[in-house]
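Chemist: kindly generate the corresponding structure for this input.
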Amino acid sequence: MEKKNFDLVGFMDTFPIISGMMGKNQIYGVLFFIKQVIDNNIEGDIVELGCNVGTTSIFIKKFLEVYGSDKKYHVYDSWEGLPKKVKEDHSRTSMQFSEGSCKTSLDIFKRVFGHFNLELPIIHTGWFKEIPDDEYPEKICLAFYDGDFYTSITDSFNKTFDKVQTDGIILIDDIGGSSLEDHPLPGSERAVIDFLKDKNEEYDYFGYPNKDFIFDYKPYGGAKIIKL
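Modeler: Next up, the predicted model:
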């Protein structure tokens, strides 16, 4: 697809932020890199593992529509909230998440899309590791992992990493901004560290821009991997 001018900052006023799951600058980061893989003609679909009520999903779906992309967009969620904690998820912060936190329902997700008159993405229900492999696209241009806990992020990698195409992008939420010991969701980064141990890929903390939508190369809660 030929690169074209698009007011992505202005587009961020399309919808309100409907939950505290993601900030507007963080959603901007996801869209910025979706636009990048489209403009760079990276093959494959877009996947979001952990969509909850659709805070980010509505922006992604609308962007693909107005940008004129024919990329397929898949979302994955158990609708059961977070899984059980493992040792990698424990931190010393006072802000703690537990099994079942962030629970929602498929009906709520669908109602959000209906409220904003959006066509639904391709929806897959279940724990990431239990969803059959053939429900994940054969080729992926961008994967957004928002599973919060160590096992969820590990399962996201296991299901999709090998399907992300060269120069495709993986974004992982809830990483950076504090030390692992003081992060409320340290399992996300620990999963990235462990998964990449035997890989050539590296991650950085520059998945999201600042609140003025400027990438100033400081951590704002999201990591980025470019697939080699």
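
Chemist: give me the longest strand you can find in this protein.
Modeler: If you go by DSSP state E, the chain has its longest strand at strand 164-173.

Chemist: give me the buried positions along it.
Modeler: Neighbour-count burial for strand 164-173, with 16 or more other C-beta atoms under 10 Å as criterion, is recorded at 164, 168-173. All C-beta atoms are positioned from the backbone trio N, CA, C, and that covers glycine.

Chemist: and which of those residues is nearest to Ile214?
Modeler: Closest to Ile214 out of these is Leu171 (17.5 Å), distances taken as C-beta to C-beta.

Chemist: just give me the residue right at the centre of the chain.
Modeler: Centroid-nearest residue in the chain: Phe144, 2.6 Å away (criterion: C-alpha atoms, centre = their mean).

Chemist: and it, its phi and psi?
Modeler: Phi and psi for Phe144, reported as degrees, to the nearest 10, are phi -120, psi 120.

Chemist: and it, how far is that from Ser152?
Modeler: Here the criterion is C-beta to C-beta, to the nearest Å. By it, Phe144 lies 13 Å from Ser152.

Chemist: all strands of the protein, in order?
Modeler: Here the chain has its strands, by DSSP E, at 45-49, 73-77, 122-125, 140-145, 164-173, 203-204, 222-226.

Chemist: longest helix of the protein?
Modeler: Counting residues, the longest helix found in the chain (DSSP state H) is helix 24-39.

Chemist: ok so, going back, out of the strands of the chain, nearest to Asp133?
Modeler: Closest to Asp133 of the strands of the chain, according to C-beta to C-beta: strand 122-125, at 11.4 Å.

Chemist: list the buried residues in the closest one.
Modeler: Residues His124 are the ones in strand 122-125 that count as buried (16+ other C-beta under 10 Å).

Chemist: surely Thr151 and Lys87 touch.
Modeler: No - the criterion here is C-beta atoms under 8 Å, and Thr151 misses it with Lys87 at 11.0 Å.

Chemist: compare the two (neighbour count), which wins?
Modeler: Neighbours were counted for Thr151 and for Lys87 using other C-beta atoms under 10 Å; Thr151 has more, 21 against 8.
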